[in-house]
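**Q** I'll drop the sequence and a predicted model, then ask my questions.
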Number of protein chains: 2
Amino acid sequence: MSEQRHRRLIQLTRLLTARPGLQINLPGLAQELSVAKSTLSEDVLLIKESLEGAKLGRVDTQVGAAGGVTFWPDLDVSTVRKTLQLFLEELTNVDRLTPDGFLYVTDLLFSPSKIDGLGTLLSERFRSLGIDYVATVETRGIPLALACGRALRVDAVLLRRDHHLSEGSSLSINYLSGSTRHVQSMSLARRAPVRGGRVLFVDDFMQAGGTARAAHDLLKDFGAEVVGVGVLVATHDPREKLVEEYSAIMEWNRADEGMGSVTPSSWVRQLVQWEASDD
Amino acid sequence: MSEQRHRRLIQLTRLLTARPGLQINLPGLAQELSVAKSTLSEDVLLIKESLEGAKLGRVDTQVGAAGGVTFWPDLDVSTVRKTLQLFLEELTNVDRLTPDGFLYVTDLLFSPSKIDGLGTLLSERFRSLGIDYVATVETRGIPLALACGRALRVDAVLLRRDHHLSEGSSLSINYLSGSTRHVQSMSLARRAPVRGGRVLFVDDFMQAGGTARAAHDLLKDFGAEVVGVGVLVATHDPREKLVEEYSAIMEWNRADEGMGSVTPSSWVRQLVQWEASDD
């Protein structure tokens, strides 16, 4: 009997935690596991206490006829801290500097094992805002945007650099890049389902904030509202950005000579319990 | 005492399944949970039996001084089947047809809740090949490629359409698109860490296979070998593609009039227990 309960608790824990943020229907689960609803409720309560007690996640139970359970994992602080350490090192690694003075980091941005945790971290900053979509402009910010979408349980919206035939008619905006003063453009397919939504704009890098500003303006024309801006790295200068508010995971303080320094933002330090000795 | 074991089994199940494909160190876990190694081994065995018995995943234990456990989730067949149903409907939805005869599906491709499961599905096809990297060419295949990379626990490699200053020097290839006969190009940064690797090339769509062929040739110049090609949708015609082998999740049989039909490939039907009545 006890053995049976052990097995049920193990299977139930896996079933409840396998799809974070998704409500799982309790009556359906009781049927699937051939167990009384009252027994299942007891098991769910024990799982909730055990996971929350060990800071492994939050289990929300919704009462009522439908009755459901939703699991939200806690941030995996030790893994995120290790990933941050790695990015801090690599973002000032002279071997990554190209002859034109850019930093090659595409390999890091396109590594799910590295970027997914940072997406969850960034999402923590916007979880209470009722985000409906995460938008990004192609190409290098896409993995971080998708990771944020996954963590917030919403879809991503892709802003294109050029107009693409395969997307049908689209709305475009031209803007001056805040840092290079070059004219850039971005466009969004008219069919993109974003109208009326609350949008989080995500990108890999922010200098003056011209791209985030243009995305804000373009989405406004769609009747969507950018309610948050999140980036992986923001440069320390210029201090005043073209968007009012944004959250960067890391700040890059560029030096006149050498690579300068990259540090986690203060809200990140707090969330991952960063020690001064970690720098 | 029993209550304590219940809690430990719940926490352990979560810890072991939270990061699929990653080896978890058992001695470290024993220390973290303040439990004897022999007790932990017993618990792990019970978790292995319970999860494998309910077809919730595979638990591999590695013996030896280090001693580790790796969890591989089973394909979530019912969710994948629902996602496939949705794609089959939307890929023949005339409302998605643009005036130029293309199909707008970017919103579906950029939905983590839809594309992640399909990435896991596609990866099943290549799991035994010892894949080191998943490569894709920007832009719409990126979410599927990242989902495959996550499922196979490897990084993604981004082939660009244009040469980008920020990526440093790169190797480029020009090729004739097999279907439109237009000249296209793709490039890969010389710094991309792919040399000597076994690569899975992933894209959203394949018609004649010219893009997959070009990726194969470009990666060969890097000393990397494309050992598999996987796409979301392949057109039925032309029957002969420019790559020898590929796996498509769905096949699109285009009609002269109307949208034609989209069906799951035979290997997919088998994996997800597709019934003829599901079509």
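**A** Yep, it's here.
**Q** going forward, measure contacts and count neighbours with C-alpha atoms only.
**A** Noted.
**Q** Point out the other helices and strands that whichever strand or helix holds residue A:27 packs with.
**A** Element membership of residue A:27 [criterion: DSSP states H and E] is helix A:26-32. Packing contacts for helix A:26-32, counted by 3 or more CA pairs under 8 Å, 6 or more residues apart in numbering or on different chains; DSSP states H and E, involve helix A:37-53.
**Q** Break down chain A into its strands, ranges please.
**A** A:24-25, A:57-62, A:68-73, A:133-137, A:155-159, A:170-176, A:183-189, A:198-206, A:225-235, A:247-253, A:261-264 (DSSP state E).
**Q** The shortest one pairs with which strands?
**A** This means strand A:24-25. strand A:68-73 (antiparallel) (DSSP bridges).
**Q** ditto for the second one
**A** Strand A:57-62 has the following sheet partners, assigned by DSSP bridges: strand A:68-73 (antiparallel).
**Q** Can you pull the domain assignment for chain A?
**A** Listed by automatic domain parsing, the domain ranges of chain A are A:2-73, A:77-278.
**Q** one step back: nearest to residue B:6, of the strands of chain A?
**A** strand A:57-62 (16.8 Å; CA to CA).
**Q** The closest one to helix A:37-53, inter-axis angle?
**A** Calculated by axes from the mean of the first three to the mean of the last three CA atoms, to 10 degrees, strand A:57-62 forms an angle of 150 degrees with helix A:37-53.
**Q** for strand A:57-62, the distance to its chain's centre please.
**A** From the chain centre to the centre of strand A:57-62 is a distance of 21 Å (CA atoms, centre = their mean, to the nearest Å).
**Q** Any buried residues in it, and which?
**A** Within strand A:57-62, the residues scored as buried using 16 or more other CA atoms under 10 Å in any protein chain shown are A:57, A:58, A:59, A:61.
**Q** From those, pick the one nearest residue A:264.
**A** Nearest to residue A:264, judged by CA to CA, of the buried residues of strand A:57-62 is residue A:57 at 24.0 Å.
**Q** Contact partners for that closest one?
**A** A:51, A:71, A:72, A:73, A:74 (CA atoms under 8 Å, 6 or more residues apart in numbering or on different chains).
**Q** quick one: pLDDT of it?
**A** For residue A:57, the pLDDT comes out at 95.
**Q** what does residue A:264 give?
**A** Note for residue A:264: predicted pLDDT of 97.
**Q** Tell me how many other residues crowd the nearest residue to residue A:114 once chain neighbours are set aside.
**A** Residue nearest to residue A:114 in three dimensions, not counting chain neighbours: residue A:83, with 6.0 Å by CA to CA, 6 or more residues apart in numbering or on different chains. Residue A:83: 17 surrounding residues under other CA atoms under 10 Å in any protein chain shown.
**Q** pretty sure residue A:83 contacts residue A:111?
**A** No: with contact defined as CA atoms under 8 Å, residue A:83 does not reach residue A:111; the gap is 11.0 Å.
**Q** before we move on, the earlier item: out of the contacts of residue A:57, who has the most neighbours?
**A** Most neighbours among these, by other CA under 10 Å: residue A:51, with 24 neighbours.
**Q** The stretch 1-150 of chain A against chain B: which residues are in contact?
**A** Taking CA under 8 Å from any CA of the partner chain as the contact definition, the stretch 1-150 of chain A meets chain B at A:6-11, A:13-14, A:17, A:46-47, A:50-51, A:54, A:56, A:98-100, A:102-104, A:106-107, A:110-113, A:138-139, A:142-143, A:146, A:149-150.
**Q** Filter these down to the ones in helices?
**A** Taking DSSP state H as the definition of helices, the residues of the stretch 1-150 of chain A next to chain B contribute A:6-11, A:13-14, A:17, A:46-47, A:50-51, A:106-107, A:112-113, A:142-143, A:146, A:149-150.
**Q** ok so, going back, ok, the buried residues of strand A:57-62 vs chain B, which is closest?
**A** Taking CA to the nearest CA as the measure, residue A:57 is the one of the buried residues of strand A:57-62 closest to chain B, at 9.5 Å.
**Q** Can you list the low-confidence ranges for the stretch 51-200 of chain A?
**A** A:65-66 (pLDDT under 70).
**Q** mind running it again at 80?
**A** The stretch 51-200 of chain A contains residues with pLDDT under 80 at A:63-67, A:100-101, A:163-165, A:178-181.
**Q** Can you name the residue of the stretch 151-279 of chain A that approaches chain B most closely?
**A** residue A:155 (4.4 Å).
**Q** my read: that residue touches residue B:112, true?
**A** Yes: the pair residue A:155 / residue B:112 is scored as a contact, 6.3 Å apart, by CA under 8 Å.
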